[in-house]
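> how does the following fold in three dimensions:
(one chain, ligands or ions: 2)
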Amino acid sequence: MTGRSSFLIVANRLPVDRRIEPDGTASWRRSPGGLVTAIAPVMQRRHGAWAGWHGAPDEKLEPFEQGGMSLIPIPLSDREVELYYEGFSNATLWPLYHDVVAPPVYHRRMWEAYRTVNERFATAAAEAAEEGAVVWVQDYQLQLVPAMLRRLRPDLRIGFFLHIPFPPTELFWRLPWRKDLVEGLLGADLVGFQLPGGASNFRRLCRRLLGLPYKGNEIFLDDRVVTTQAFPISVDFAQLDSIVREPHIMARAKEIRVELGDPEHVLLGVDRLDYTKGIGQRLEAFGELLKDGRLRPNEAVFVQIATPSRERVEEYRRLRDDIELQVGRINGEHAQLGYQPVQYFHQSYDHEELAALYLAADVMVVTPLRDGMNLVAKEYVSCHHDLHGALVLSEFAGAADELRQAYLVNPYDVEDVKRQMLAAMRATPHELARRMRTMRRRVATYDVDRWASEFLNALETPASQTSTRRSASWRSG
Ligand code: ADP
Ligand code: G6P
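Ligands and ions are numbered 1, 2, ... in the order given. Have a look, this model is predicted:
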C-alpha cells in the first residue's frame, strides 16, 4: 500500500497548470477558477493526494510534490481536450447547467470522450487510494467517476461535490445521456451541492428518471442510501484578511487609486472571461450612467479584470470580441485626455495584487446571469476590514443566499443594475459599514475550512440505521 493515500481529491484540473512557452520551455502557474481557490488551502492542511489534468495536452507526467501536496497528473490527448474538456464539459454541460444562457451542443463523439476520460480518472483514483480511503470527486467534468470508482473499489468512501448549479428537471431532461449521468453521481455516498435548490432538483430527478424514493436528504437505492445536501463553498477568510492588513498591500491599494487618476469611485469586476458572468450587462449599465449624465465625467472608473478562459471554445471567443468592442465604444464616447472610464485587463493577477485591487475598490460589481456560488464576492468582503466598500451582487449567484446585505440586482434588468450601482456609490459610510459588518461575519464564520469539514464529516458518517431500515421496508413494499 506504500504510495497510496487515505484521502484523495479527484478533479479535472490539478491546482497548478503547465504552460508551454513559445520557445518550448515549460513552467507552472496556478490554475484558474473557484474550484482550485477553494480546494487548495483545504488540501494544504490535510495529508492527501490530488489527481487531475495538468493543463497541457499530449503530455504524460510522473506524480510529483508541490506546495505540500502530492499531485497525480492525468494525461489528456489533444483530441480529448477538444471533445471531453472543451466539448462535453464546456460546450454541453456548462451552458446546460447554467440555465442555458448559451445554447448547449449535443454530440455523441463528445459523450464518448467524456466516458473514456471519466474511466481514466476512476482507474487512477482506484490505484491511488488505500484500503477504505476517502475519495472526494469534484465537479461537472467527472460526474461518471463515482459509479465507475465504486465498481472498481467498493471499499472506498466516495464523495462528490458539484461546484456549479444543478439545473431544474425540465432542463436536465434534454440531455440524451441523462440517465448515465445520474447513475454516475449515485455511485457516491454523499452528493454535495452549493444550494438546497440544487440538491432538491437532483432528488426530484432521481425519482422521475429512475423511480427512486427519497425522504429528507436521503435517496434510497436497492442496497445503499445516498445522501444529498447543500454545502455552500467559501474562501480562506483569515488568509485574505491578514494579507490586506499588510502595510505593502495597503500602500499598493492607495497607489492603484492614484494610478487610476484618483477618481471619487473605483468600481471593480474580476471574473474568468465567461458568458455566465454578466460582464456585458454591467458594462452596459456603467456606460448608460455616463451617457445619462447620472455619473459626472471623471467621477468614476470601472476596472474590469477578465482572466482568459476556455479560449478555443467558440462561445468564449465570440464573448471576448463582444466585450472588447463594448469597452472600446464606452471609452471612445466618454474618455477625455487623462481619463479612461473603463480600464480592461485580459490578464491573470497574483493573489497579492488581486487583494490590493479589492481593497482599492469602492464598489465590487458581481453580476452573473447564473453562478454556482461566486467566490469573488466573498473574497471582496474578506478584504474589507475597513468596513468601507459596497458589493453589487446578482440574485442569480449562489452567494446571494448568504450575502443578503449586498446591493442585490437582477442582471437582466439594466435599470436595476444602474440604480443599485448608483446607490452603492452614494451610500453613507455608516450604511456601508452596517452592510459590510454583517457580510463579513457570515464569511468569517462559514469559511472554506468549515465548508470542507462539514462535507467530510457528513461523508464519514455512515447512513443512519433508520435510513437503512426505511430503505429495506420500501424495497419490500
Ligand atoms: P469561477 O469558479 O466560475 O471562475 P469564482 O468567482 O467562484 O468563479 O472563482 C474565481 C476565482 O478565480 C477567484 O478565486 C478569483 O480570485 C480568481 N480570479 C478571477 N479572476 C482572476 C484574475 N484576473 N487573476 C487572478 N485570479 C482571478
Ligand atoms: C469553474 C468550474 C471549475 C473549473 C473553473 C475554471 O470554477 O466550476 O471546475 O476548473 O471554473 O475553468 P477551467 O475550464 O479553466 O478549468
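> quick one: average confidence on stretch 359-378?
For stretch 359-378, mean pLDDT is 98.
> close to ligand 1, is it?
Yes: Stretch 359-378 is in contact with ligand 1 by C-beta under 6 Å from any ligand atom, via 373-376. In short, each C-beta sits where N, CA and C put it, glycine included.
> and the residue in the chain that ligand 1 sits nearest to, how many neighbours?
Residue nearest to ligand 1 within the chain: Gly34 (2.6 Å; C-beta to the nearest ligand atom). Per other C-beta atoms under 10 Å, the neighbour tally for Gly34 reads 20.
> not counting its neighbours along the chain, what's nearest it?
Leaving aside its chain neighbours, Gly34 sits nearest to Leu375 (4.3 Å; criterion: C-beta to C-beta, 6 or more residues apart in numbering).
> residues touching the one you found, list them.
34, 37-38, 233-235, 399 (C-beta atoms under 8 Å, 6 or more residues apart in numbering).
> again, only this time at 7 Å
34, 37-38, 235 (C-beta atoms under 7 Å, 6 or more residues apart in numbering).
> circling back: report the buried members of the residues of stretch 359-378 next to ligand 1.
Buried members of the residues of stretch 359-378 next to ligand 1, counted by 16 or more other C-beta atoms under 10 Å: 373-376.
> with distance to ligand 2 and secondary structure as added columns, please give those in TSV.
Shown next, in TSV, are these (distance: C-beta to the nearest ligand atom, whole Å; DSSP: H, G, I helix; E, B strand; the rest coil):
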residue	distance to ligand 2	secondary structure
Met373	9	coil
Asn374	10	coil
Leu375	8	helix
Val376	11	helix
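> and the pLDDT for the closest residue to ligand 2 within the chain?
Using C-beta to the nearest ligand atom, the closest approach of the chain to ligand 2 is made by Gly33 at 2.5 Å. Residue-level confidence at Gly33 comes out at 90, pLDDT.
> hmm, it is touching Leu273, no?
No: proximity of Gly33 to Leu273 does not meet the contact threshold set by C-beta atoms under 7 Å, at 11.7 Å.
> among the two, which residue is more densely surrounded?
Leu273 (22 against 17).
> and the residue nearest to the more buried one when sequence neighbours are not counted, what does it touch?
Closest residue to Leu273 apart from its sequence neighbours, by C-beta to C-beta, 6+ apart: Ala306 at 4.1 Å. For Ala306, the contact set (C-beta under 7 Å, 6+ apart) comprises 271, 273, 279, 323, 346.
> so which of the residues you listed are in strands?
Counting by DSSP state E, those place Asp271 in strands.
> so which of the contacts of Ala306 is the most crowded?
Going by other C-beta under 10 Å, Ile279 tops the contacts of Ala306 with 25 neighbours.
> ok, back up a step: from the contacts of Leu375, pick the one nearest Glu284.
Of all these, Glu284 sits closest to Gly34, with 24.7 Å by C-beta to C-beta.
> break the chain into its domains for me.
Per automatic domain parsing, the structural domains of the chain span 5-233+452-476, 237-446.
> worst average pLDDT in the ones you listed?
Ranked by mean pLDDT, the domains of the chain bottom out at domain 5-233+452-476, with a mean of 93.
> up against ligand 1, what does the protein have?
Counting by C-beta under 6 Å from any ligand atom, the chain sits next to ligand 1 at 33-34, 37, 270-272, 305, 307, 348-349, 354, 373-376, 379.
> make it 5 Å
33-34, 37, 270, 272, 305, 307, 348-349, 374-376 (C-beta under 5 Å from any ligand atom).
> so can I have a markdown table of the residues you listed showing distance to Asp416?
Formatted as a markdown table, the residues of the chain next to ligand 1 follow (distance: C-beta to C-beta, whole Å):
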| residue | distance to Asp416 |
| --- | --- |
| Gly33 | 28 |
| Gly34 | 25 |
| Thr37 | 29 |
| Val270 | 21 |
| Arg272 | 24 |
| Ile305 | 24 |
| Thr307 | 27 |
| Ser348 | 31 |
| Tyr349 | 29 |
| Asn374 | 18 |
| Leu375 | 24 |
| Val376 | 20 |
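> what's the closest of these to Gly55?
Gly33 (11.7 Å).
> what bridges to the nearest residue to that closest one once chain neighbours are set aside?
Leaving aside its chain neighbours, Gly33 sits nearest to Arg272 (6.2 Å; criterion: C-beta to C-beta, 6+ apart). For Arg272, the beta-bridge partners are Thr307 (DSSP bridges).
> can you map out the strands along the stretch 1-150 of the chain?
For the stretch 1-150 of the chain, the strands defined by DSSP state E, counting those that start in this stretch occupy 5-13, 16-20, 26-30, 49-53, 64-66, 69-73, 129-138.
> and those as JSON lines, adding mean neighbour count?
What follows is the strands of the stretch 1-150 of the chain, written out as JSON lines (neighbours: other C-beta atoms under 10 Å):
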{"stretch": "strand 5-13", "mean neighbour count": "23"}
{"stretch": "strand 16-20", "mean neighbour count": "17"}
{"stretch": "strand 26-30", "mean neighbour count": "13"}
{"stretch": "strand 49-53", "mean neighbour count": "26"}
{"stretch": "strand 64-66", "mean neighbour count": "12"}
{"stretch": "strand 69-73", "mean neighbour count": "21"}
{"stretch": "strand 129-138", "mean neighbour count": "22"}
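> any chance of those in CSV, plus distance to Lys179?
Formatted as CSV, the strands of the stretch 1-150 of the chain follow (distance: least, C-beta to C-beta, whole Å):
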stretch, distance to Lys179
strand 5-13, 22
strand 16-20, 34
strand 26-30, 37
strand 49-53, 26
strand 64-66, 38
strand 69-73, 30
strand 129-138, 19
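> out of those strands, flag the one nearest Tyr339.
strand 26-30 (33.4 Å).
> anything in that closest one near ligand 2?
No: if you take C-beta under 5 Å from any ligand atom as the test, strand 26-30 misses ligand 2, and the best it gets is 11.2 Å.
> that strand: partners in the sheet, and parallel or antiparallel?
Strand 26-30 has these strand partners (DSSP bridges): strand 16-20 (antiparallel).
> touching, Gly269 and Val301? I think so.
No: using C-beta under 7 Å, Gly269 is not in contact with Val301; the gap is 11.8 Å.
> shared neighbours of the two, which are they?
Contact criterion C-beta under 7 Å, 6+ apart; residues shared by Gly269 and Val301: none found.
> span of stretch 79-96 from start to end?
In stretch 79-96, first residue to last residue: 22 Å (C-alpha to C-alpha, to the nearest Å).
> could you list the buried residues of that stretch?
80-96.
> and stretch 296-308, by the same measure?
For stretch 296-308, by 16+ other C-beta under 10 Å, it's 300-307.
> of those residues, closest to Met250?
Looking at the buried residues of stretch 296-308 and their distance to Met250, the nearest is Val303, at 17.9 Å (C-beta to C-beta).
> just checking, the closest one touches Asp271?
No: using C-beta under 7 Å, Val303 makes no contact with Asp271, being 11.9 Å away.
> from Val225, how far off is the closest residue to Ser89 other than its chain neighbours?
Spatial nearest neighbour of Ser89, chain neighbours left out: Gln141 (4.5 Å); criterion: C-beta to C-beta, 6+ apart. Distance, Gln141 to Val225, by C-beta to C-beta, to the nearest Å: 26 Å.
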